[in-house]
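# Whatever this is, show me its structure:
(chains A and B)
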Amino acid sequence: QQKVQQSPESLIVPEGGMASLNCTFSDRNSQYFWWYRQHSGEGPKALMSIFSNGDKKEGRFTAHLNKASLHVSLHIKDSQPSDSALYFCAVSIPSTGGYKVVFGSGTRLLVSP
Amino acid sequence: DTTVKQNPRYKLARVGKPVNLICSQTMNHDTMYWYQKKPNQAPKLLLFYYDKILNREADTFEKFQSSRPNNSFCSLYIGSAGLEYSAMYLCASSPGTSYEQYFGPGTRLTVL
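As a prediction, the model looks like this:
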């Protein structure tokens, strides 16, 4: 059964600093990888996706995927207080009915002003 | 409009009583999901509809039921609530099972 583990559980970075979030998965059939962000009182919202090995950059956010080492990461450059939220790693694997998404338990990021 | 709506936002239920949660989306998405989220745990997939086909997770098969009377609406039904059902229930939709999911704000269910 697919397991998705995130580290650290919580992270505090100063405003303007770099935040690095990690995620490991267990199923080598995993195909699509997502980072979701959830602010208090809201549902999770997709931040970015990565489907191929290597880096993908979108503004201040960079995702890195290494399927061989079963690892995906998210790096937030120049962190802002508005980046404070709960971040989920989500991994899609082929399953009955299409693809099934398995989420990690999240990393809580606090950006201190 | 990329909004997924959930009603109610908060629900208080008694042990042994039924619970019905509602979700709606106007994006014409084929797929709708229900997740259960407890504090410090990952959102757990309970079931999802791809069009009219319902897929339920093996470990929650008997605990939750669902219906999707049309493309826009999906319900989650608990026949007899237990204390262990207290959680946040998140509904999501997507154009297909390999696409980004759009989440609603959740329904916080408290069973007493």
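# same for the helix or strand of chain A with the lowest mean pLDDT, what does it pack against?
When the helices and strands of chain A are scored by mean pLDDT, DSSP states H and E, strand A:98-103 comes last with a mean of 90. Packed against strand A:98-103, as judged by 3 or more CB pairs under 8 Å, 6 or more residues apart in numbering or on different chains; DSSP states H and E, are the following elements: strand A:32-38, strand A:85-95, strand B:44-50. All C-beta atoms are positioned from the backbone trio N, CA, C, and that covers glycine.
# Okay, now the sheet partners of the last one, with direction.
Just to be clear, that refers to strand B:44-50. According to DSSP bridges, strand B:44-50 forms sheet pairs with strand B:31-37 (antiparallel), strand B:53-56 (antiparallel).
# again, but for the first one
In the sheet, strand A:32-38 lines up against strand A:45-50 (antiparallel), strand A:85-95 (antiparallel) (DSSP bridges).
# Report the mean confidence score over stretch A:3-18.
What stretch A:3-18 shows for mean pLDDT is 97.
# List of residues touching that stretch?
Identification of contacts with stretch A:3-18 by CB atoms under 8 Å, 6 or more residues apart in numbering or on different chains yields A:19, A:21-26, A:75-81, A:87-91, A:102-113, B:40, B:42.
# Could you check how far the residue positioned nearest the centre of chain B is from A:Leu21?
Closest to where the C-alpha atoms of chain B average out (CA atoms, centre = their mean) is B:Trp34, at 3.0 Å. Distance from B:Trp34 to A:Leu21, counting by CB to CB, to the nearest Å: 26 Å.
# what's around residue 78, how many residues?
With no chain named, the answer covers chain A. Residues lying near A:Asp78 (other CB atoms under 10 Å in any protein chain shown) number 12.
# meant chain B, my bad for not saying
Residues lying near B:Ile78 (other CB under 10 Å) number 19.
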